[in-house]
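Visitor: Predicted model and sequence follow; I will ask about them next.
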Amino acid sequence: MAIKAYRPITPAQRQKTTEDYDQITTKKPMKSLLAAKKQQAGKNNQGRITVRHRGGGVKRHYRIMTYNLPKGLTLKVEEIEYDPNRSARIARVKDQNGTYYYVLADTKMEKGTTFKTGDVEVEDSNRLPLENIPVGTFVYAIELTPGRGAQMVRAAGASAQLMAKEDGYATLKMPSGEVRKVLASCEASIGTVSNLQHQNVKIGAAGRKRRKGIRPTVRGVVMNATDHPHGGGDGGRHGSGKAPRTPWGQLTLGYRTRHNKKTNKMIVRSRHEGKRK
């Protein structure tokens, strides 16, 4: 997989790059695995904006993903597809009973390859409990709660390493650098999520962001004082003498907002260790 550059016939194309889509085998998704996706524009069910700078963009259909595959399946990869709702590629797979699923594709999946689920051998793409996976193996699509389905390590190019197994728990080194424990009975898939070069793509043009449904962001220092804590002044240089804050006064850029004390005991080493507190 490589990054494709454009001929610089316009100023935007001088910097813009894109993925080459070489892993994709079809442009037609399976209709039975599609669902309508309504544009929320960053609003919740009360109409309040909870995520700013969202709206517009091209229309998309949601691909119905299966993160909790039944055990005992032998699945054959029918197609590798593009999914506009996520950074990774997805695989259309068919089991021995003729049932189709959409699952996350990894770097080893190709049209025609097969993989299995349940208490199976340790091979690329197979999905099995962490307790049956050797220490040192790279895994993705990891469960947090047994039976709930994959919740961690699902983004393009991501993988976690199984570091240890002890007392019914598996220790994982996450892509963020965090080392945490999960129950060894949780399932995971072996390998690395597809589309490794996703993080290296340069957007290059403002319109490309708008088509993704992302609207412009305005800096606080150019606002009036009534609109932002960073705003106001006589037009000089601002911001360096103030602690960075959100428009509502909440500290940001390094201020910790995690308060989930229930799972603190599962974190062996924080991703912030060694960084400025």
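Guide: Perfect, I can see it now.
Visitor: ok, residue 58 touching residue 211?
Guide: Yes: at 5.3 Å, residue 58 and residue 211 qualify as touching, with contact defined as CB atoms under 8 Å. Any C-beta I mention is one placed from the backbone N, CA and C, and that applies to glycine too.
Visitor: How about the contacts made by the residue most central in space within the chain?
Guide: The centre of the chain sits closest to residue 155, judged by CA atoms, centre = their mean, with a distance of 2.9 Å. Applying CB atoms under 8 Å, 6 or more residues apart in numbering to residue 155 gives the contacts 86-88, 175, 193.
Visitor: How about residue 182?
Guide: Residues 130, 142-144, 169-170, 172, 266 are the ones in contact with residue 182 under the rule CB under 8 Å, 6+ apart.
Visitor: can I assume it sits in a strand?
Guide: Yes: when classified by DSSP: H, G, I helix; E, B strand; the rest coil, residue 182 is found to be part of a strand.
Visitor: for residue 265, helix, strand, or coil?
Guide: Counting by three-state DSSP, the backbone at residue 265 sits in helix.
Visitor: circling back: could you measure from the residue nearest to the centre of the chain over to residue 77?
Guide: Residue 155 sits 20 Å away from residue 77, taking CB to CB, to the nearest Å as the criterion.
Visitor: Just give me the neighbour total for the spatially closest residue to residue 212 that is not a sequence neighbour.
Guide: In space, residue 212 comes closest to residue 57 once its chain neighbours are excluded; the distance is 5.7 Å by CB to CB, 6 or more residues apart in numbering. Using other CB atoms under 10 Å, residue 57 is surrounded by 16 other residues.
Visitor: Give the residue spans of the stretch 101-250 of the chain that score low on pLDDT.
Guide: Residues of the stretch 101-250 of the chain meeting the criterion pLDDT under 70: 235-240.
Visitor: Mind jotting down where the helices sit in it?
Guide: In the stretch 101-250 of the chain, helices defined by DSSP state H, counting those that start in this stretch lie at 206-211, listed in chain order.
Visitor: now the strands for it?
Guide: In chain order, the stretch 101-250 of the chain shows strands spanning 114-116, 127-129, 138-140, 142-143, 150-152, 160-166, 169-173, 179-183, 187-190, with DSSP state E, counting those that start in this stretch as the criterion.
Visitor: Domain boundaries for this structure, per the record?
Guide: For the chain, whose domains are defined here by automatic domain parsing, the residue ranges read 3-198, 218-277.
Visitor: Need the winner for burial among these.
Guide: Highest mean neighbour count among these (mean count of other CB atoms under 10 Å): domain 3-198, with a mean of 16.
Visitor: can you give me the offset of that one from its chain's centre?
Guide: Computed by CA atoms, centre = their mean, to the nearest Å, the chain-centroid distance of domain 3-198 equals 8 Å.
Visitor: Please name whichever of the strands of the stretch 101-250 of the chain is nearest to residue 217.
Guide: For residue 217, the closest of the strands of the stretch 101-250 of the chain is strand 150-152, at 28.3 Å, according to CB to CB.
Visitor: Pairing partners for that closest one, with directions?
Guide: When pairs are called by DSSP bridges, strand 150-152 turns out to pair with strand 142-143 (antiparallel).
Visitor: Do me a favour and average the pLDDT over stretch 17-28.
Guide: Within the predicted structure, the mean pLDDT of stretch 17-28 is 89.
Visitor: For it, list the C-alpha coordinates in CSV.
Guide: Extracted in CSV, the C-alpha atoms of stretch 17-28 (Å, rounded to 0.1, in the frame of the first residue of the first chain):
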residue,chain,number,x,y,z
THR,A,17,-2.1,13.1,-1.3
THR,A,18,-4.5,10.1,-1.2
GLU,A,19,-4.5,6.4,-0.6
ASP,A,20,-4.1,4.2,-3.7
TYR,A,21,-7.0,1.9,-2.8
ASP,A,22,-5.0,-1.2,-4.1
GLN,A,23,-6.5,-3.5,-1.5
ILE,A,24,-10.1,-2.8,-2.6
THR,A,25,-11.7,-5.4,-4.9
THR,A,26,-15.2,-4.0,-5.5
LYS,A,27,-17.0,-0.7,-5.4
LYS,A,28,-20.5,-2.2,-4.9
